[in-house]
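> Pasting the sequence and the predicted coordinates here, then a few questions.
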Amino acid sequence: MSISVPQTPAEKKFYDELVAHKLLIPCDVPGVFGRGGVFEDVVDRLMMLISKHGGGDGAEIQRYPPLLSRNTFVQSGYLKSFPQMIGVVHSFVGKDPEHKKLLERVDQGETWSDDFPHADLVLTPAACYPVYPQAKGTLEAKGKLVDIMSYCMRHEPSGDPARMQMFRQREYVRVGTPEQIDEFRETWAKRSMTIMVEQLQLAAHRDVANDPFFGRGGKMLAMNQRDAALKHEILIPICSTEKPTACVSINYHQEHFGHLFEIRQPNGEYAHTSCIGFGLERTTLALLHTHGLAPAEWPKSVREHLGL
Ligand code: ZN
């Protein structure tokens, strides 16, 4: 199957292999895939491996559908920073006459999105976003720790199989004092490298990173984020060694969400927040690219850590 976006030779080769082995099932939109059984089995096992590291910390498990209310979405500030990535849900609100007209327009190949005005829902852009409105108020002394997993939407059609438009992030989200956040970030910086390098034997390295902030103003935001080392990524070569793929990100939002969602520390100051997110599809792809397309043939110790 050919897709309508550019692909490097390495991306095309890996894409074709993944499809031929039914690990990914392409749809008619670049970056949107079905996942085959072998692929999903690895994802499930990664989830369990991450839980082995973080499961003893007393995190509250929360799972949300990949939707946010428009209010929460606007409140989160995402619209200001990343308008290019957003996916909004629209719904039909007409009666019979409008429905008839709608079907005629579709038949005639005319645009018909005007008939779908409702947009009270936005596709979740980052797995941790539903946590912040729930944390509103004053925290207990121990703060809050949430284990979360969600599909996330990023509108960035690409020929790179590791750049999907919808993918799953498994995250731990910490809400608390700056000291609690420091401890969380240090703990997970170590754990995530143990998982990726020692246990999964991936050629991973950690680096300071920035989010793809939009527009001219975004350049400044990205520089500030880098200067303060607020975002780290664990990068693994998949389709390119020069531009390795971010498979894990550790983000420190300082008081950003505490302020926007009115979350306070016991001393009355705004809470600080941080999250670590494992890209489940990307890590699975890194494993398949590094160790081969048949998980049964991966190195013994990698299989043992994944319970394969
Ligand atoms: Zn997050």
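Great, that's in hand.

> How much space separates Val89 from His118?
Computed as CB to CB, to the nearest Å, the Val89 to His118 distance reads 8 Å. From N, CA and C alone the C-beta is placed, and that goes for glycine too.

> out of these two, which sits in the more crowded spot?
Taking neighbours as other CB atoms under 10 Å, Val89 and His118 compare with Val89 leading, 15 against 12.

> contacting residues for the more buried one?
Going by CB atoms under 8 Å, 6 or more residues apart in numbering, Val89 touches 67, 118-123.

> Neighbour-wise, which one of the residues you listed leads?
Val122 (24 neighbours).

> The helix or strand hosting Leu46 packs against which elements?
Using DSSP states H and E, Leu46 sits within helix 37-54. Counting by 3 or more CB pairs under 8 Å, 6 or more residues apart in numbering; DSSP states H and E, the packing neighbours recorded for helix 37-54 are strand 144-153, strand 166-176, helix 178-193, helix 280-291, helix 300-306.

> Show the backbone phi and psi for the closest residue to Gln180 other than its chain neighbours.
Leaving out its chain neighbours, the residue that sits closest to Gln180 by CB to CB, 6 or more residues apart in numbering is Gly143, at 4.9 Å. Here is the backbone geometry of Gly143 (degrees, to the nearest 10): phi 70, psi -150.

> Mind checking which of the contacts of Val89 land in strands?
Residues from the contacts of Val89 lying in strands, with DSSP state E as the criterion: 67, 121-123.

> among those, which are in reach of the ion?
Among those, not one lies near the ion by CB under 5 Å from the ion.

> would Asn251 count as being in a strand?
Yes: counting by DSSP: H, G, I helix; E, B strand; the rest coil, Asn251 is part of a strand.

> my read: it touches Phe257, true?
No: Asn251 lies out of contact with Phe257 (CB atoms under 8 Å); the separation is 10.4 Å.

> Between the two, tell me which one has more neighbours.
Legend: neighbour count by other CB under 10 Å for Asn251 and Phe257, higher for Phe257 (27 against 22).

> ok, residues contacting the helix or strand containing that one?
Using DSSP H and E, Phe257 maps to helix 256-260. With contacts defined as CB under 8 Å, 6+ apart, helix 256-260 is touched by 75-77, 132, 175, 263-265, 270-273.

> For the stretch 1-150 of the chain, which residues are neighbours of the ion?
Checking the stretch 1-150 of the chain against the ion by CB under 5 Å from the ion, the hits are 126, 128.

> Helices of the stretch 1-150 of the chain, residue ranges please.
For the stretch 1-150 of the chain, helices defined by DSSP state H, counting those that start in this stretch occupy the ranges 9-20, 37-54, 70-76, 78-81, 96-107, 131-134.

> rank these by pLDDT, which is bottom?
Mean pLDDT values for those show the minimum at helix 78-81, a mean of 87.

> Out of the contacts of Val89, flag the one nearest to Arg163.
Nearest to Arg163 among the contacts of Val89, counting by CB to CB, is Leu123 at 16.4 Å.

> Touching, that closest one and Met85? I think so.
No: Leu123 lies out of contact with Met85 (CB under 8 Å); the separation is 9.8 Å.

> what touches both of those two?
Each of Met153 lies in contact with both Leu123 and Met85 under the rule CB under 8 Å, 6+ apart.

> For stretch 261-281, buried residues please.
261-265, 270-281 (16 or more other CB atoms under 10 Å).

> Out of the contacts of helix 256-260, show me where the pLDDT dips lowest.
Least confident by pLDDT among the contacts of helix 256-260: that is Gly77, with 89.

> Can you tell me the closest non-neighbouring residue to that one?
Of all residues not flanking Gly77 in the chain, Leu260 sits nearest, at 6.0 Å (CB to CB, 6+ apart).

> Quick one, grab the pLDDT at that neighbour.
Leu260 carries a pLDDT value of 96.

> Can you give me the neighbour number for it?
17.

> ok so, going back, ok, residues contacting the next helix or strand after the helix holding Phe257?
Toward the C-terminus, helix 256-260 is succeeded by strand 263-264 as the next helix or strand (DSSP H and E). Outside strand 263-264, the residues within contact range by CB under 8 Å, 6+ apart are 132, 135-139, 175, 257-258, 270-271, 273.

> from those, which is closest to Arg185?
For those, the minimum distance to Arg185 (CB to CB) is 11.0 Å, reached by Thr273.

> Surely Arg191 touches Gly54?
Yes: the pair Arg191 / Gly54 is scored as a contact, 7.3 Å apart, by CB under 8 Å.
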